[in-house]
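> okay, predicted coordinates and the sequence, questions at the end:
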Amino acid sequence: AQKITQTQPGMFVQEKEAVTLDCTYDTSDPSYGLFWYKQPSSGEMIFLIYQGSYDQQNATEGRYSLNFQKARKSANLVISASQLGDSAMYFCAMREGERRDDKIIFGKGTRLHILP
Amino acid sequence: DTGVSQDPRHKITKRGQNVTFRCDPISEHNRLYWYRQTLGQGPEFLTYFQNEAQLEKSRLLSDRFSAERPKGSFSTLEIQRTEQGDSAMYLCASSRWDLGDNEQFFGPGTRLTVL
């Protein structure tokens, strides 16, 4: 079974609108961490946001917020007021177990297109 | 530029040849990771180091692959007897794990094409 599922291969969104990128995960470990990374066409992976499984509040970083629904095993990324520069691949990822284990498992990604 | 650097950025080789990639992590980052990304997929974990110790290797890392981090700074990833299936982007990342950081900082990657 896939550990990270991103069901939207591609999305088109009008500039300045908010966008939600879906991510569900599968783990039986009570301790885990969830990440979102952005990969522009240049290829580098850019860290956006992190949510720990024990964090009580949803993580936020500027225009990015993570809608963490633990019971549903869902960790959707919300980008507010989208910009043309947000066009990229977005990957949801998970680290299982305690931090010391540190291996990150990535989903297949969602390609986001922001339309002018 | 103080980010993670990788060299070369692109490598084209013939099947059966050996290739070696280098990764220079962010200074003082004690953890270094290697991932492989094929077209249309997310990165897949290969291996990681804490200082010079290799702590984990994925089953994806066949006997033809070897990674080193001899002095706990830069790392090399060597692929022997390359196969067409090795064509991918090889990504390196580093982190300052002991400070409680969760973020892994990625380099620009080395794109390998095996003809």
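That came through fine. The model shown is predicted, which means the values in this text are computed figures rather than measured ones.
> what residues does chain B put near chain A?
Within chain B, the residues that sit near chain A (CB under 8 Å from any CB of the partner chain) are B:31, B:33, B:40-45, B:48, B:56, B:89, B:91, B:93, B:95, B:97, B:100, B:102-109, B:111. Backbone N, C-alpha and C define where each C-beta goes, glycine included.
> let's see that with 10 Å instead.
Counting by CB under 10 Å from any CB of the partner chain, the residues of chain B close to chain A are B:3-4, B:6, B:9, B:31, B:33, B:35, B:37, B:40-48, B:50, B:55-56, B:58, B:89, B:91, B:93, B:95, B:97, B:100-111.
> from those, which ones fall inside strands?
Here DSSP state E is the test, and the residues of chain B next to chain A give B:6, B:31, B:33, B:35, B:37, B:44-48, B:50, B:55-56, B:89, B:91, B:93, B:95, B:105-106, B:110-111 as lying in strands.
> please report the distance of the residue of chain A found nearest chain B from B:Tyr35.
Here chain A gets closest to chain B at one residue, A:Phe106, 3.1 Å apart by CB to the nearest CB. Separation of A:Phe106 from B:Tyr35 (CB to CB, to the nearest Å) stands at 8 Å.
> quickly list what's touching both of these two.
Common neighbours of A:Phe106 and B:Tyr35, using CB atoms under 10 Å, 6 or more residues apart in numbering or on different chains, are A:45, B:42-45.
> mind giving me the ChimeraX command for buried ones among these?
A single ChimeraX command is used to select the members of the shared contacts of A:Phe106 and B:Tyr35 judged buried by 16 or more other CB atoms under 10 Å in any protein chain shown:
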select /A:45 /B:42,43,44,45
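> just the closest of the shared contacts of A:Phe106 and B:Tyr35 to A:Arg63, please.
A:Met45 (18.4 Å; CB to CB).
> show the pLDDT at the residue nearest to the spatial centre of chain B.
Centroid-nearest residue in chain B, with CA atoms, centre = their mean: B:Trp34, separated by 3.3 Å. What the model reports as pLDDT for B:Trp34 is 96.
> show the contacting residues for it.
For B:Trp34, the residues meeting the contact criterion (CB under 10 Å, 6+ apart) are B:21, B:23, B:43-49, B:57-58, B:61, B:65, B:67, B:69, B:75-77, B:90-93.
> leaving out chain neighbours, which residue sits closest to it?
Excluding its sequence neighbours, the residue lying closest to B:Trp34 (CB to CB, 6 or more residues apart in numbering or on different chains) is B:Leu46, at 4.3 Å.
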